[in-house]
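Undergrad: sequence? don't have it. structure:
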């Protein structure tokens, strides 16, 4: 089976490359169609091909207005090039699309599968929700990462039951297996040497619940809190809430640094706020692979991971409950070990990339041989 995995803006290279490699191991002929990742190195292809089709002439710093304008200027021609290239594929599997309002009219005339990493845009602009609905209607099948996500699309958006398929987000074992790595210099020295480490990792966005986390952190003196990730919001109000035991690394963390950050962490916390638009998290997938105890708020598909014994669940936007869970795990190494062992078992079983690849191939076969 010839498969094209498409991520025009290289929004999630770890996911794209892990899925491509797992599908190749399962026997598919895979080509990842994407663009150059502007923030650092990406994994070398392992059994699959990579074509950097999109935005080859873009200039400007990553994330800059100049770069965004350049990408939009070449987007339509690049999508038309994808249409021609896709003629040789049996299935085109869309991960992220740069301009859904336009893209729904530019997609290849092939069997299409779309992974709904976001059930709906998390911070929607005018027209985005309608465009997302049109995409769901346009493709042959939609993949979500949890039963929660499937029910949202079937019950709330009225998608047909047989069109929406659950494929668990694979745990990033390739990151956990990487050797070496160095801590970001911001986390070395000073007050960073006291007690266990609680880590928040990922893009810093309003829905990530950082205010709740910092309020929950009040009174926790025997541990350190690291908040690591590129900011997509004003951090000044959060810094005003932070105690001396909190360290911020407000930037993109390189592949050379990320394994060291996760290895140093004793607990991972994802204190996300209530939202109906969220399904699963790549940060959670990374924590599982490292066998780390995780504290999650009850949003999206997080409860399903907790039900498997691989994480601790607390109510969303409840600083008191979050404080209690963090305090308990900080003070109980044995509880951390038990939760971490369950996380690692999930990463090697139901949440492995090989399991995800087999489930994804079943979706492909379904769109190629519809009932």
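TA: The structure has been received and is ready for your questions. Keep in mind that what you see is a predicted model, and the values were worked out from it rather than measured.
Undergrad: now residue 303: how far from residue 145?
TA: Separation of residue 303 from residue 145 (CB to CB, to the nearest Å) stands at 13 Å. Any C-beta I mention is one placed from the backbone N, CA and C, and that applies to glycine too.
Undergrad: neighbour-wise, which of the two wins?
TA: Between residue 303 and residue 145, counted using other CB atoms under 10 Å, the more crowded position is residue 145 (27 against 17).
Undergrad: does the more buried one really touch residue 165, like I thought?
TA: No. Applying CB atoms under 8 Å, one finds residue 145 not in contact with residue 165, separated by 10.4 Å.
Undergrad: Give me the buried positions along the longest helix along the chain.
TA: The residue-count maximum for a helix in the chain (DSSP state H) belongs to helix 65-85. Buried residues in helix 65-85, counted by 16 or more other CB atoms under 10 Å: 67, 70-71, 74-75, 78-79, 82, 85.
Undergrad: got the contact list for stretch 296-309?
TA: Contact partners of stretch 296-309, identified using CB atoms under 8 Å, 6 or more residues apart in numbering, comprise 145-149, 209, 212, 270-275, 278-281, 284, 288, 294, 311-318, 322, 339, 342, 346, 350-351.
Undergrad: So which bits of that stretch are buried?
TA: 296-306, 308.
Undergrad: Low-confidence stretches in the stretch 101-250 of the chain?
TA: 121-128, 179-180, 190-193 (pLDDT under 70).
Undergrad: Tell me where it has strands.
TA: Assigned by DSSP state E, counting those that start in this stretch, the stretch 101-250 of the chain shows strands spanning 112-115, 141-144, 164-166, 197-201, 224-228, 246-249.
Undergrad: Identify the neighbouring strands of the fifth one in the sheet and state each direction.
TA: Think strand 224-228. Looking at strand 224-228 with DSSP bridges, its partner strands are strand 197-201 (parallel), strand 246-249 (parallel).
Undergrad: The first one too?
TA: Within its sheet, strand 112-115 is paired with strand 91-94 (parallel), strand 141-144 (parallel), according to DSSP bridges.
Undergrad: Redo these as JSON lines? Include distance to residue 49.
TA: Listed next are the strands paired with strand 112-115 as JSON lines, based on distance: least, CB to CB, whole Å:
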{"stretch": "strand 91-94", "distance to residue 49": "14"}
{"stretch": "strand 141-144", "distance to residue 49": "22"}
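Undergrad: quick one on the thing from earlier: among the strands paired with strand 224-228, show me which one is buried the most.
TA: strand 197-201 (a mean of 23; mean count of other CB atoms under 10 Å).
Undergrad: what sits up against that strand?
TA: For strand 197-201, contacts defined as CB under 8 Å, 6+ apart pick out 208, 210, 213, 223-229, 253, 258, 261-262, 264-271, 283, 286, 326, 330.
Undergrad: what sits opposite residue 142 in the beta ladder?
TA: Here residue 142 shows beta-bridge partners residue 114, residue 164, assigned using DSSP bridges.
Undergrad: Residue 89 versus the residue nearest the centre of the chain, what's the distance?
TA: Centrality entry for the chain: nearest residue to the mean C-alpha point is residue 282, 3.0 Å, by CA atoms, centre = their mean. Distance, residue 282 to residue 89, by CB to CB: 25 Å.
Undergrad: Could you do residue 66 as well?
TA: 33 Å.
Undergrad: so how far is residue 293 from residue 322?
TA: In terms of CB to CB, residue 322 sits 14 Å off from residue 293.
Undergrad: Over to residue 167?
TA: According to CB to CB, residue 167 stands 25 Å off from residue 293.
Undergrad: more crowded one of these two?
TA: Neighbours per residue (other CB under 10 Å) separate residue 167 from residue 293, with residue 293 holding more: 25 against 20.
Undergrad: Any idea how many residues pack against residue 370?
TA: 9.
Undergrad: cool, residue 106 as well?
TA: Applying other CB under 10 Å, we find 15 residues neighbouring residue 106.
Undergrad: That one is in contact with residue 80, isn't it?
TA: Yes. In this structure, residue 106 is within contact of residue 80 by CB under 8 Å, at 6.8 Å.
Undergrad: ok, now which ones touch residue 293?
TA: Residues near residue 293 by CB under 8 Å, 6+ apart: 266-268, 311-312, 329, 335-336, 339-340, 343.
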